[in-house]
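Participant: let me see the structure of the following:
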Amino acid sequence: MANPPMEVARLAGRDTAKAARLLSDVRAARLMGQRPRLAPRPVIDQSWDRMLRSGVDPDHDFRSGLLSRDELDRRRGTSRLRHVLPVLRQGLLSVADVTEHIMVVADEHGRVLWREGSAPVLRRADSFGFEPGADWAEDVVGTNGVGTPVVARRPVQVFASEHFVRSHATWTCTGAPITDPRDGRLIGVVDVSGPLETMHPATLAWVDSVAKLAEAGLRERHNHSLERLRAVAAPVLARLGGRALVVDRDGWTAAVTGMPYTNRVALPKSLSPGRRWVPALGLCLVEPLAGGWLVHAAEPEPPGATRIVLDLGRARRWSVTVSGPAGSWTHELSPRHAELLYLLALHPAGRSAAGLADDVFGDPARTVTVRAEMSRIRRYLGAYLDHRPYRFSDDTEVTVLLPDDPRDLLPHSTASAVARGRGSACEGTGSGAVGDAG
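Facilitator: Sure thing, here's the model as predicted:
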């Protein structure tokens, strides 16, 4: 029987030094391949497993070269994180300074872009290279509060020897991912870090709540941009006949005419003006507008077999590519959508909402969440998905590309079918098809 995971927050809240000693023993046993008295938390154990496989040295820290000042300024100027810095500062800095923490904001690759807070703590952070321009990706510096949330796509608190690299064990850090509400893509991580004795069990909830406030600010900013585009679209659509809509650069709808309103349309990657294939509409005439596109539906979708390739082989860059008589298009997938489409590929006969809820959450009652996610998937794959049960259409040929190492399959997922896939080293992994529909 497996040992229970260590309740770090509760133990550290009572006695920080004792919790740190216990974690040091847990880490040492894990690195030696022994069974510790208390198991590391699952999110930490999974990270340690990735570190052992990727060859990160647990006894010596590695410091990649800092970004040049010009490159750091360029990344700051192009990152959408710059729009939420006031929210992050207001929510974190006043408390961080008093409690001897620093706030760190990194991009989606784990590069530190901004760092502010307690001056003494900033100097301590300098001693192990936790500074602007540094690369704190998990596969570079080991388990930490910046790189690990990037991989796990969830808030993570890393305390003492939960850090994979020994020299970071005097530190505690808590990071939460920030996603772009326009497309669900990760744009960065906000982290609060400090010396070991500053650890507090409530920090995880605090940092996560501020990250969500930042996302709400980005959502409000996006709504304002749609309102501006809507004002441009109104006179244009008034002159048109047939089916047409105006969308922003990410496919969010500002206005429609001659067709039902839908919140978002999946656009081809690198869209350009002219006759283009738009997944939900077929062949369309696409024209640029200030801040978006005018999409005028021209012809119905031509019939014919369709090939769907679900690419899960690239770390955190999952995608679905649809190829048919009129051409092909690719859509990048969020972790949840990649997981659901993988499960449908494993079950060509289909899965009910309750079945998918049981697969994903271990709870068949969570059908509302599954239906909401499947509704979002159908916005870009609706022509190729049936429902009741959910399944790929009969005239589709589905191929799934898997990672070279099965253990890298959808690392965020806790679904039992995905876990079985990670444990399988079957022939064809890396380029083979998991299953076909039709």
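
Participant: okay, now the unreliable bits of the stretch 301-438 of the chain?
Facilitator: Along the stretch 301-438 of the chain, segments meeting pLDDT under 70 span 301-305, 325-327, 424-438.

Participant: show me the helices in it, by range?
Facilitator: 335-346, 353-361, 367-381, 416-422 (DSSP state H, counting those that start in this stretch).

Participant: my read is residue 247 is in a strand, agree?
Facilitator: Yes - with DSSP: H, G, I helix; E, B strand; the rest coil as the criterion, residue 247 is part of a strand.

Participant: so it versus residue 174, what's the distance?
Facilitator: 38 Å (Cβ to Cβ, to the nearest Å). Heads up, the C-betas are built off the backbone N, CA and C, glycines and all.

Participant: tell me the most buried of the helices of the stretch 301-438 of the chain?
Facilitator: Across these, the average number of neighbours (mean count of other Cβ atoms under 10 Å) peaks for helix 335-346, which reaches a mean of 22.

Participant: now do that one and helix 353-361, the angle between them.
Facilitator: 120 degrees (axes from the mean of the first three to the mean of the last three Cα atoms, to 10 degrees).

Participant: list the buried residues in stretch 253-272.
Facilitator: Neighbour-count burial for stretch 253-272 flags 253-257, 264-268, 271 (criterion: 16 or more other Cβ atoms under 10 Å).

Participant: inside helices: which ones of those?
Facilitator: With DSSP state H as the criterion, helices contain none of the buried residues of stretch 253-272.

Participant: show me which pair in those is furthest apart.
Facilitator: 257 and 268 (21.6 Å; Cβ to Cβ).

Participant: for stretch 381-396, how far is the first residue from the last?
Facilitator: Terminal residues of stretch 381-396 are spaced 11 Å apart (Cα to Cα, to the nearest Å).

Participant: hmm, back to that, out of the buried residues of stretch 253-272, which comes closest to residue 396?
Facilitator: residue 266 (16.1 Å).

Participant: list the contacts of that closest one.
Facilitator: Contact analysis of residue 266 by Cβ atoms under 8 Å, 6 or more residues apart in numbering lists 251, 278-280, 329, 331, 379-380.

Participant: and those residues, which of them are in strands?
Facilitator: Counting by DSSP state E, the part of these found in strands is 278, 329, 331.

Participant: re the thing from before, of the buried residues of stretch 253-272, which is the nearest to residue 410?
Facilitator: residue 266 (21.3 Å).

Participant: just to revisit the earlier point, so which of the contacts of residue 266 is surrounded by the most neighbours?
Facilitator: Most neighbours among the contacts of residue 266, by other Cβ atoms under 10 Å: residue 251, with 26 neighbours.

Participant: ok, that one touching residue 263?
Facilitator: No - judged on Cβ atoms under 8 Å, residue 251 makes no contact with residue 263 at a distance of 9.3 Å.

Participant: need phi/psi at residue 84.
Facilitator: Per-residue torsions, residue 84: phi -110, psi 0 (degrees, to the nearest 10).

Participant: let me redo that: residue 202
Facilitator: phi -80, psi -10.

Participant: give me the distance between residue 410 and residue 231.
Facilitator: Distance of residue 410 to residue 231, computed by Cβ to Cβ: 42 Å.

Participant: more crowded one of these two?
Facilitator: residue 410 (22 against 11).

Participant: which SS class is residue 288?
Facilitator: Going by three-state DSSP: residue 288 is strand.

Participant: neighbours of the closest residue to it other than its chain neighbours, how many?
Facilitator: Nearest residue to residue 288, sequence neighbours excluded (Cβ to Cβ, 6 or more residues apart in numbering): residue 273, at 5.6 Å. For residue 273, the neighbour count with other Cβ under 10 Å is 11.

Participant: residue 273 against residue 294, yeah?
Facilitator: No - applying Cβ under 8 Å, one finds residue 273 not in contact with residue 294, separated by 9.5 Å.

Participant: list residues touching both of those two?
Facilitator: Residues touching both residue 273 and residue 294 (Cβ under 8 Å, 6+ apart) are 286-288.

Participant: out of the residues you listed, which end up buried?
Facilitator: residue 286.

Participant: of the shared contacts of residue 273 and residue 294, which is the nearest to residue 323?
Facilitator: residue 286 (19.7 Å).

Participant: any idea how far the closest one is from residue 261?
Facilitator: Distance, residue 286 to residue 261, by Cβ to Cβ: 19 Å.

Participant: thought residue 155 was touching residue 177?
Facilitator: Yes - contact criterion Cβ under 8 Å: residue 155 and residue 177 qualify, at 7.3 Å.

Participant: tell me which of the ones in strands among the contacts of residue 266 is nearest to residue 314?
Facilitator: residue 331 (14.2 Å).

Participant: my guess is that closest one contacts residue 311. True?
Facilitator: No - counting by Cβ under 8 Å, residue 331 does not reach residue 311; the two are 10.7 Å apart.

Participant: overlap of the contact sets of these two?
Facilitator: Counting by Cβ under 8 Å, 6+ apart, the shared contacts of residue 331 and residue 311 are 319-321.

Participant: which helix of this structure spans the most residues?
Facilitator: Looking across the chain with DSSP H, the single longest helix is helix 203-238.

Participant: hmm, back to that, ranking the shared contacts of residue 331 and residue 311 by neighbours, who comes first?
Facilitator: Among the shared contacts of residue 331 and residue 311, residue 320 has the most neighbours (other Cβ under 10 Å), with 24 neighbours.

Participant: residues contacting residue 213?
Facilitator: Contacts of residue 213 (Cβ under 8 Å, 6+ apart): 87, 91.

Participant: report pLDDT for it.
Facilitator: On pLDDT, residue 213 comes in at 96.

Participant: now do the one 3 residues further on
Facilitator: The predicted local confidence for residue 216 comes out at a pLDDT of 96.

Participant: and for it, the neighbour number?
Facilitator: As a burial measure, residue 216 scores 13 neighbours (other Cβ under 10 Å).

Participant: just checking, residue 167 touches residue 127?
Facilitator: No - contact between residue 167 and residue 127 fails when scored by Cβ under 8 Å: they sit 9.1 Å apart.
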